[in-house]
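**Q** following is a predicted model, sequence given first.
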Amino acid sequence: MTKVFNRAIKLGGQSRTINSVEVQALEYDGDNNILLCTGTTVPTADSSGFAKGCLFIKTDAADGTKGLYENQGTSTASDFNLVGDISGAEIANDAVSLEHLDSGITPSHIVVYAGEFTWSGGGASVAHTVTGAKATDIVIATIQTAPTQDAYIKSAAVTDNTVTVTLSAANTSNDAVIAYQVIRAAA
């Protein structure tokens, strides 16, 4: 005959002080590292004796705030973090596209190419290859390093695969550096 208990199990635990932080240890692993504990102060970083993955329940967490922490460190150097917190990991390339943006974010144009080039040719106009640029795109250009001759950008235009910048005076010393952004209408 099997006996069935129909009541909750109450875990009393064992009071432990680690690095001057008192916790109530409720469960241990085979190496005597704490697996589950409670308390009012989150264990300090680099404490030892908490198993990797140990859960700490902050018993005095305010109403509506999280109170469950996980040791993401090691048993010799703990690192407790809120469960469900954002890890801060970088978003992978190509993981976000316009259809994934919030409906309130609706850019009319997006940057498709950006870079800089050093002037060559000595004239007042220079064409720079930007493979993939289209005649329907828009180019924005600025002078990063001013030419020896006193000049300003008179115009910047884009055609298929080319950005052309014209200065107000010839850059005979070929020392100007032009920065550009090619923007395209968002789909």
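**A** Yes, it's here. Every value quoted in this text rests on a predicted model; they were computed, and no experiment measured them.
**Q** so, low pLDDT: which residues of the chain?
**A** When residues are selected by pLDDT under 70, those of the chain lie in 1-2, 4-6, 8-11, 85-87, 89, 187.
**Q** what sits against the most centrally placed residue in it?
**A** For the chain, the residue nearest the mean C-alpha position is residue 90 (4.0 Å; CA atoms, centre = their mean). Contacts were defined as CB atoms under 8 Å, 6 or more residues apart in numbering; by that measure residue 90 touches no other residue. C-beta: built from backbone N, CA, C; applies to glycine.
**Q** from residue 96, how far out is it?
**A** Distance from residue 90 to residue 96, counting by CB to CB, to the nearest Å: 12 Å.
**Q** kindly report the same for residue 165.
**A** With the distance defined as CB to CB, residue 165 ends up 31 Å from residue 96.
**Q** neighbour count winner among those two?
**A** Each of residue 165 and residue 96 has its neighbours counted (other CB atoms under 10 Å); residue 165 has more, 24 against 10.
**Q** these two touch, right, the more buried one and residue 123?
**A** No. Residue 165 is not in contact with residue 123 according to CB atoms under 8 Å; the separation is 11.0 Å.
**Q** got the domain ranges for the chain?
**A** The record assigns the chain these domain ranges, following automatic domain parsing: 14-82, 107-185.
**Q** surely residue 28 meets residue 35?
**A** Yes. The pair residue 28 and residue 35 passes the contact test of CB under 8 Å, sitting 6.1 Å apart.
**Q** all helices of the chain, in order?
**A** Using DSSP state H, the chain contains no helices.
**Q** can you give me the strands for it?
**A** With DSSP state E applied, the chain shows strands at 14-18, 21-28, 34-39, 50-58, 68-71, 80-82, 109-118, 125-129, 138-145, 153-159, 162-167, 177-185, listed in chain order.
**Q** in the fifth one, what counts as buried?
**A** I take that to be strand 68-71. For strand 68-71, a neighbour-count test (16 or more other CB atoms under 10 Å) marks 69, 70, 71 as buried.
**Q** now these in CSV, with distance to residue 157?
**A** Formatted as CSV, the entries for the buried residues of strand 68-71 read as follows, by distance: CB to CB, whole Å:
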residue, distance to residue 157
69, 58
70, 56
71, 59
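**Q** nearest to residue 179, of those?
**A** residue 70 (45.4 Å; CB to CB).
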